[in-house]
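Asks: take a look and give me a structure for this.
(one chain, ligands or ions: 1)
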Amino acid sequence: MRAMTRATPQTAPFGSILTDDMAIAWYRNGRWGRAEVRAVGPIEIHPAAHALHYGSECFEGFKAYRWADGSVHVFRMDRHIERLRQSARSLVLPEPDAAEVAAMVAAVVDRGRAAVPAAPGALYLRPLLFGTMANIGAASTPTDEACLIVLASPVWDYFAGGAKPLRIYVEEQATRSASRFGIVKTGGNYAAALGPTVAARRAHDVDQVLFCPGGDVQETGAANFLLIRPRHILTRSLDATFLHGVTRDSLLRMAADWGWRIEERIFSVDEMLAWVRDGEAALSGTAAVLSGVGTLIREGGEEIRVGNGVVGPETEKLRSALVAIQQGTSPDRYGWLQRV
Ligand code: COI
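Replies: Sure, this is the predicted structure:
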């Protein structure tokens, strides 16, 4: 394994260790070439590459799980690949073939099979697509060359501190990203969230920023946001302003099947503050899984406790039910897992 850190795997920050091999394919002369599996290492791109100047880049994040019998299963790969293709279309990048991306993922998992951690770890899979056309004038012209890479990283908890309840800063003015681009999983959206996140972390020691432009509760820099009560979830209705999380979708589907009330609609910061007096709040995402929020911090530093400040029982129930499917200890009735 290639460590970009000196920490041991279990204590290494999320994503800081990679398996030895990656898959790589190039798009040139109007077609995708054959993918190659090779050692992870630097690649050569032109300094005028489109992605470096005009941000033509998108990526995905999903996980492979090692079950108790040693077999390895990827969670909702098709859905993630479909989202990558959707992001590519939005960025006018060459769209890779879904079956080709799946084969690249399978090859990388296969080469790194020994490094797939057992529960509670997983192998985080990171397909990455970016424009490589060398032309610094091409601000309004799509790239005609591109590169697709699949990396893999053995991971454990995303948030340092494990199951510790999160501290979340409520940003009531700024958007996370350009409004119609929230739905696109592009690096620029994470770059846009970084400044506010670093500032809030410095000022208030928070884990994430919840973007609520004009009081409209949307999502955090790296995860979706859910309000939870017994047999009831409230989360923002899907539109182009934020990322359509696959974990969010999975949790809502499971809870709906249990007969829970699922409310997907626009809601305000005021409504959220009323909810958390005795309700729960959590972040959902491939990396975050479902991480309970303990405290909300408003501009000026006012701290609002969520419920009694610990990870709530309903959050715990949802998280364990999802993890049980992923780790093969409860049946995969939705056909979400694919053995690789
Ligand atoms: C994911 O949950 O897969 C993400 O893309 C979040 C990333 C910031 C690690």
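
Asks: now do the same end-to-end measure for stretch 131-143.
Replies: 5 Å (Cα to Cα, to the nearest Å).

Asks: neighbouring contacts of that stretch?
Replies: Residues from elsewhere that reach stretch 131-143, judged by Cβ atoms under 8 Å, 6 or more residues apart in numbering: 26, 45-51, 53-54, 56-57, 91-94, 144-147. The C-beta positions use only the backbone N, C-alpha and C, and glycine is treated the same way.

Asks: the residues you listed, buried ones only, as a PyMOL selection?
Replies: If you want just the buried ones from those in PyMOL, going by 16 or more other Cβ atoms under 10 Å, the selection is:
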select buried, resi 26+45+49+50+51+53+54+56+57+91+93+94+144+145+146+147
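
Asks: inside strands: which ones of the contacts of stretch 131-143?
Replies: 26, 57, 146-147 (DSSP state E).

Asks: want to throw those into a markdown table with pLDDT and distance to residue 323?
Replies: Below are the ones in strands among the contacts of stretch 131-143 laid out as a markdown table (pLDDT from 0 to 100; distance: Cβ to Cβ, whole Å):
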| residue | pLDDT | distance to residue 323 |
| --- | --- | --- |
| 26 | 98 | 37 |
| 57 | 98 | 30 |
| 146 | 98 | 35 |
| 147 | 98 | 34 |
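
Asks: nearest to residue 317, of those residues?
Replies: Ranked by distance to residue 317 (Cβ to Cβ), the ones in strands among the contacts of stretch 131-143 are led by residue 57 at 37.1 Å.

Asks: that closest one reaches residue 185, doesn't it?
Replies: No - using Cβ atoms under 8 Å, residue 57 is not in contact with residue 185; the gap is 9.8 Å.

Asks: so which of the ones in strands among the contacts of stretch 131-143 would you say is closest to the ligand?
Replies: Closest approach between the ones in strands among the contacts of stretch 131-143 and the ligand, by Cβ to the nearest ligand atom: residue 57, at 13.2 Å.

Asks: and the longest helix along the chain, what other elements does it pack with?
Replies: Looking across the chain with DSSP state H, the single longest helix is helix 187-204. Identification of packing neighbours for helix 187-204 by 3 or more Cβ pairs under 8 Å, 6 or more residues apart in numbering; DSSP states H and E yields strand 57-59, strand 166-171, strand 208-211.

Asks: repeat that with 10 Å
Replies: Applying 3 or more Cβ pairs under 10 Å, 6 or more residues apart in numbering; DSSP states H and E, we find helix 187-204 packed against strand 57-59, strand 166-171, strand 208-211, strand 219-220, strand 289-297.

Asks: would you turn those strands into JSON lines with distance to residue 13?
Replies: Shown next, in JSON lines, are the helices and strands packed on helix 187-204 (distance: least, Cβ to Cβ, whole Å):
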{"stretch": "strand 57-59", "distance to residue 13": "18"}
{"stretch": "strand 166-171", "distance to residue 13": "16"}
{"stretch": "strand 208-211", "distance to residue 13": "15"}
{"stretch": "strand 219-220", "distance to residue 13": "18"}
{"stretch": "strand 289-297", "distance to residue 13": "16"}
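
Asks: dump the ones you listed to JSON lines, plus distance to the ligand.
Replies: JSON lines is the format used below for the helices and strands packed on helix 187-204 (distance: least, Cβ to the nearest ligand atom, whole Å):
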{"stretch": "strand 57-59", "distance to the ligand": "7"}
{"stretch": "strand 166-171", "distance to the ligand": "14"}
{"stretch": "strand 208-211", "distance to the ligand": "10"}
{"stretch": "strand 219-220", "distance to the ligand": "10"}
{"stretch": "strand 289-297", "distance to the ligand": "9"}
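
Asks: tally of neighbours for the residue of the chain found nearest the ligand?
Replies: Residue nearest to the ligand within the chain: residue 61 (2.4 Å; Cβ to the nearest ligand atom). Other residues within reach of residue 61, judged by other Cβ atoms under 10 Å, total 19.

Asks: how about it: what's its closest non-neighbour residue?
Replies: Nearest non-adjacent residue to residue 61, counting by Cβ to Cβ, 6 or more residues apart in numbering: residue 286, 4.7 Å away.

Asks: touching the ligand at all, stretch 125-134?
Replies: No - using Cβ under 6 Å from any ligand atom, stretch 125-134 stays clear of the ligand, coming no nearer than 8.1 Å.

Asks: what about that stretch, average pLDDT?
Replies: Across stretch 125-134, pLDDT averages out at 98.

Asks: ok, now stretch 166-181?
Replies: The pLDDT scores in stretch 166-181 average 94.

Asks: so for it, what gets flagged as buried?
Replies: 166-172, 175-177, 181.

Asks: and what of stretch 17-34?
Replies: Result for stretch 17-34 [16+ other Cβ under 10 Å]: buried residues 17-27, 32.

Asks: look up which residues are beta-bridged to the closest residue to residue 207 other than its chain neighbours.
Replies: Of all residues not flanking residue 207 in the chain, residue 166 sits nearest, at 4.4 Å (Cβ to Cβ, 6+ apart). Assessed by DSSP bridges, residue 166 has beta-bridge partners residue 293.
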